[in-house]
Structures are given as structure tokens and as C-alpha cells.
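**Student:** just to be clear, the model below is a prediction. Sequence and coordinates:
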Amino acid sequence: MKREERRQEIVDLLIASRAVDLDDLASRFAVSKMTIHRDLDDLERAGVLRKVRGGATIDPGTQFESDFRFRELQEADVKRSIAAAAAELVEPGMTVMINDGSMAAILGDVLARKRPLTIITNNAAIIERNKGETGATLITVGGVYSAKFNAYLGIVAEEALSRLRADIAFVSAPAVSGSLAYHMDESVVRSKRAMIASSRHSCLLVNSRRFGHTALHVLAELNEFGTIISDKPLPGETTVELEGGQTSIKIASGGPNDF
């Protein structure tokens, strides 16, 4: 197993159990304890875990779970499948808005094959990867940089978004329950809502693990989105809430289901 693959699996184990044991990791990956020490040291410097005696941990509800650096390492395969499904909604020549978030950052990479495109974003990862790329007109909205979300937020970003128009906006959410999508940060909610308002069509990207959870702020009613993309079918209560509406449901591993 390559070093990066091993470290990805360590993060996945932390997500599942909140703590990992040094001896168990060395045995699982058939490497020395010193190798695991180096892995944990590097991941701690990246801000995605805390080393403790005999292993490492993350604390529920702390900055680790919401920090972009941690989320960027979570469930990469799921994010890629959702991003690939989202890219099917895009045709060359479109103007696309993409919000903050690690899943959205992957979508920014996937859309490379859809060029020429105009990309409007506050996502610093997308900005960094697409600046200077041939065939991509990149519009950055400015604002106050947030290291936590690796994005530009605030009044400047919201005002810029309100004066632009896109064919489609891709918006992600860390929590969905019933008929509502949620987010823990008010400034992020405002920027996402500004993108929804400034686009002809809006698409919600949500990992199935996020269903059944809430956060401090309501982001939107699910029926405000033209399309919802996830990696698994939506929960029954959510499906019932959307029945008879205009929202299209697309499962990344399968085909779309329209109500």
C-alpha cells in the first residue's frame, strides 16, 4: 500500500471510530511503528487529528470535523462518484457556480473535460487548480478568506454573486433531515444561498452519511433545488417530502429518478 493510501485509510478509521491505536495500525498495514508515527505526525501537522499516547484521536464536534483539511481526506471515492454524476449536468459553454467544500473542489477538477466553461467560485481549491488553465474562464468572487472552509466569504462575496448569473449552481450540504438542508456556519449559508438565487438551475450535492443530521442554520428547503445528487437513495421521509415536486433525484452509482 502506498503512503498516501495508508494515510487515507487511517483517516477513514478515525471517522468510523474516533480513535486509532498505534499497535493496531502497524499490524493492519504490516509496517513498523515508526512508520505509523511518521504518518500520524504528518496528519497532525495537517490539522486532521490529534496524537495521543499510543495512537491518535479526533473529538466529535471539534474543529477537526468541520475543517476543510480534514474533510478533504474523507471518503474520496464517494466524492468522486458524486462529482462525476454532477458533471453530467454540464455542457461545454455553460456558466457554472461552485460553492465551498471538499466535494465541490473535486467537482472543479472533474469539470476540466467539459471546457470551455465559465466557472464562478469562492472555493480556494478550485481557484488554485484552475487559474491559468486553457478553456476555463475563472471568476473569483473575493471576500474574507476562511481557512476553516478554504473559501472566500462575507459581504463582498455575496454582493459579487448577486450581480452574476449562471446556468447551474452546485451547492453542497453537511447535513440533511426531512425536507431541509443545514449548515453550521451563517456566512457559508449566505454565500450558498446567493449562488442558488443567481443560477437558473441549482443542484445539491450530499453524501448519504449526512442524512438524518441537522446543523445550526437551515440552508434551504430541498424542493428549492432542481436536482439532488447523492451516492445512495434518499431516506424514505425525504423521498415522501419531495413527491409531486419538480426536484430530480440522481444517485451517483445508478440512474436518475424523477418525481
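**Tutor:** The structure has been received and is ready for your questions. Numbers count the residues shown, from 1 in each chain.
**Student:** helices of the stretch 151-259 of the chain, residue ranges please.
**Tutor:** 155-162, 186-197, 236-242 (DSSP state H, counting those that start in this stretch).
**Student:** ugh, typo on my part, it should be the stretch 1-150 of the chain
**Tutor:** 3-17, 22-29, 33-45, 63-66, 68-71, 76-87, 102-110, 124-130.
**Student:** any chance of those helices in TSV, with distance to residue 177 too?
**Tutor:** In this view, the C-beta of every residue, glycine as well, is placed from N, C-alpha and C. Below are those laid out as TSV (distance: least, Cβ to Cβ, whole Å):
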stretch	distance to residue 177
helix 3-17	20
helix 22-29	34
helix 33-45	31
helix 63-66	17
helix 68-71	19
helix 76-87	19
helix 102-110	19
helix 124-130	27
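**Student:** so which of the helices of the stretch 151-259 of the chain is nearest residue 109?
**Tutor:** Closest of the helices of the stretch 151-259 of the chain to residue 109 is helix 186-197, at 19.0 Å (criterion: Cβ to Cβ).
**Student:** circling back: most tightly packed of the helices of the stretch 151-259 of the chain?
**Tutor:** Comparing these by mean neighbour count (mean count of other Cβ atoms under 10 Å), helix 186-197 ranks first with a mean of 20.
**Student:** got any ranges where the stretch 151-259 of the chain has weak pLDDT?
**Tutor:** 254-259 (pLDDT under 70).
**Student:** for the stretch 1-150 of the chain, same thing?
**Tutor:** 46-47, 59-75.
**Student:** adding distance to residue 168, write the helices of the stretch 151-259 of the chain out as JSON lines.
**Tutor:** JSON lines is the format used below for the helices of the stretch 151-259 of the chain (distance: least, Cβ to Cβ, whole Å):
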{"stretch": "helix 155-162", "distance to residue 168": "14"}
{"stretch": "helix 186-197", "distance to residue 168": "10"}
{"stretch": "helix 236-242", "distance to residue 168": "19"}
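**Student:** residue 7: which of these is closest?
**Tutor:** helix 186-197 (27.1 Å).
**Student:** contacts for the closest one, please.
**Tutor:** 97, 99-100, 122, 143, 146, 149, 151, 153-154, 157-158, 161-162, 166, 169, 171, 173, 183, 202, 216-220, 224-225 (Cβ atoms under 8 Å, 6 or more residues apart in numbering).
**Student:** before we move on, back to that, closest to residue 247 out of the helices of the stretch 1-150 of the chain?
**Tutor:** Taking the helices of the stretch 1-150 of the chain one by one with Cβ to Cβ, helix 76-87 is closest: 14.9 Å.
**Student:** the closest one packs against which elements?
**Tutor:** Under the contact definition 3 or more Cβ pairs under 8 Å, 6 or more residues apart in numbering; DSSP states H and E, helix 76-87 sits against helix 102-110, strand 199-205, strand 227-230.
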